[in-house]
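Q: 3D, please:
(chains A and B)
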Amino acid sequence: GAVVSQHPSRVICKSGTSVKIECRSLDFQATTMFWYRQFPKQSLMLMATSNEGSKATYEQGVEKDKFLINHASLTLSTLTVTSAHPEDSSFYICSASGTGGADTQYFGPGTRLTVL
Amino acid sequence: AQSVTQPDIHITVSEGASLELRCNYSYGATPYLFWYVQSPGQGLQLLLKYFSGDTLVQGIKGFEAEFKRSQSSFNLRKPSVHWSDAAEYFCAVGGRANQAGTALIFGKGTTLSVSS
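A: Numbering: from 1, shown residues only, chains lettered A, B, ... in the order given. This next block holds a predicted model:
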């Protein structure tokens, strides 16, 4: 149980385009989803916290207009990187917690974004 | 300030030898503690967690961790390492989940290499 999926697993896009990443909880209802960013050989940095049906809470320094987060249902959250630039290239990981274990986060497999 | 320190960036152990990965935390409230493992290019898998009760917790893959409040530590141990244990290990701390959920604070990670 407690499986989280992400799609796509890898995406390459041109500078200036937008990319949407989906995060799904497959076997539980995720009241809260988190989006992290991980640079090579580094730890995970929290970008934002989203609760189903409400606006996401962004961490300091994260541009909310650039990283659009939508948590429209208890099983789906999306992160859209708008007008992507090469410096946005990174590994994006989502996690979810909720009725399956509110105190434990379960992580997706991550999405590797490369912006050319 | 809330933080997690993993003092060892990289550790190499021989296959079959014992392992201990160190983790120290600073957290203003009652901490919930986690160890995650990440294989290259993959998401995070939960190894074990501590919320309350017995300070020695057992996890998957033969791992265990001991919570020592007086030392603010939550070290991960395994009596006999297998080559498949080579990966990145992250210690994380969070608080009690509320309706909004709580984000995790991650250490910088320890890379484990296993030699034959």
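Q: The helix or strand bottoming out on mean pLDDT in chain B pairs with which strands, parallel or anti?
A: Least confident helix or strand, chain B: strand B:105-106 with a mean of 89, by mean pLDDT, DSSP states H and E. Here strand B:105-106 has these sheet partners by DSSP bridges: strand B:87-94 (antiparallel).
Q: if we can go back for a sec, report the next helix or strand after the least confident helix or strand of chain B in sequence order.
A: Following strand B:105-106 in sequence order, the next helix or strand is strand B:110-115 (DSSP states H and E).
Q: what's the angle from that next one to strand B:87-94?
A: Interaxial angle of strand B:110-115 relative to strand B:87-94 (axes from the mean of the first three to the mean of the last three CA atoms, to 10 degrees): 150 degrees.
Q: residues from chain A in reach of chain B?
A: For chain A, the residues in contact with chain B (CB under 8 Å from any CB of the partner chain) are A:4, A:6, A:31-32, A:34, A:42-44, A:46, A:49, A:51, A:57, A:91, A:93, A:95, A:97-98, A:102-110, A:112. Using the backbone N, CA and C atoms, a C-beta is placed for each residue, glycine as well.
Q: Can I get the buried ones among these as something I can paste into PyMOL?
A: Entered in PyMOL, the line below selects the buried ones among the residues of chain A next to chain B, by 16 or more other CB atoms under 10 Å in any protein chain shown:
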select buried, chain A and resi 4+6+31+32+34+43+44+46+49+51+91+93+95+97+98+102+103+104+105+106+107+108+109+110
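Q: which residues touch B:Ser3?
A: Taking CB atoms under 8 Å, 6 or more residues apart in numbering or on different chains, we find B:Ser3 in contact with B:25-26, B:105.
Q: quick one: which of these is nearest chain A?
A: Of all the contacts of B:Ser3, chain A sits closest to B:Ile105, with 8.1 Å by CB to the nearest CB.
Q: Isn't B:Gly62 up against B:Ser80?
A: Yes - B:Gly62 lies in contact with B:Ser80 (CB atoms under 8 Å); the separation is 7.5 Å.
Q: Among those two, which residue is more densely surrounded?
A: Just comparing B:Gly62 and B:Ser80: by other CB atoms under 10 Å in any protein chain shown the higher neighbour count belongs to B:Gly62, 15 against 12.
Q: ok, and the closest non-adjacent residue to the more buried one?
A: Excluding its sequence neighbours, the residue lying closest to B:Gly62 (CB to CB, 6 or more residues apart in numbering or on different chains) is B:Lys78, at 5.5 Å.
Q: Quick check: pLDDT value at the one you found.
A: B:Lys78 carries a pLDDT score of 98 in this model.
Q: isn't it right up against B:Glu15?
A: No - judged on CB under 8 Å, B:Lys78 makes no contact with B:Glu15 at a distance of 11.6 Å.
Q: Of these two, which one has the most company?
A: Per other CB under 10 Å, whichever of B:Lys78 and B:Glu15 has more neighbours is B:Lys78, with 21 against 14.
Q: Show me where the chain has its strands.
A: Just so you know, I chose chain A. Along chain A, counting by DSSP state E, strands occupy A:4-7, A:10-13, A:19-25, A:32-38, A:44-51, A:57-58, A:67-73, A:76-81, A:90-97, A:106-107, A:111-115.
Q: looking at chain B here, not the other one
A: Secondary structure of chain B (DSSP E): strands located at B:3-5, B:10-14, B:19-21, B:24-26, B:32-38, B:44-50, B:56-58, B:64-68, B:73-78, B:87-94, B:105-106, B:110-115.
Q: In the sheet, which strands lie alongside the last one, parallel or antiparallel?
A: To tie it back to what came earlier, the one meant is strand B:110-115. Counting by DSSP bridges, strand B:110-115 is paired with strand B:10-14 (parallel), strand B:87-94 (antiparallel).
Q: Sounds good, over and out.
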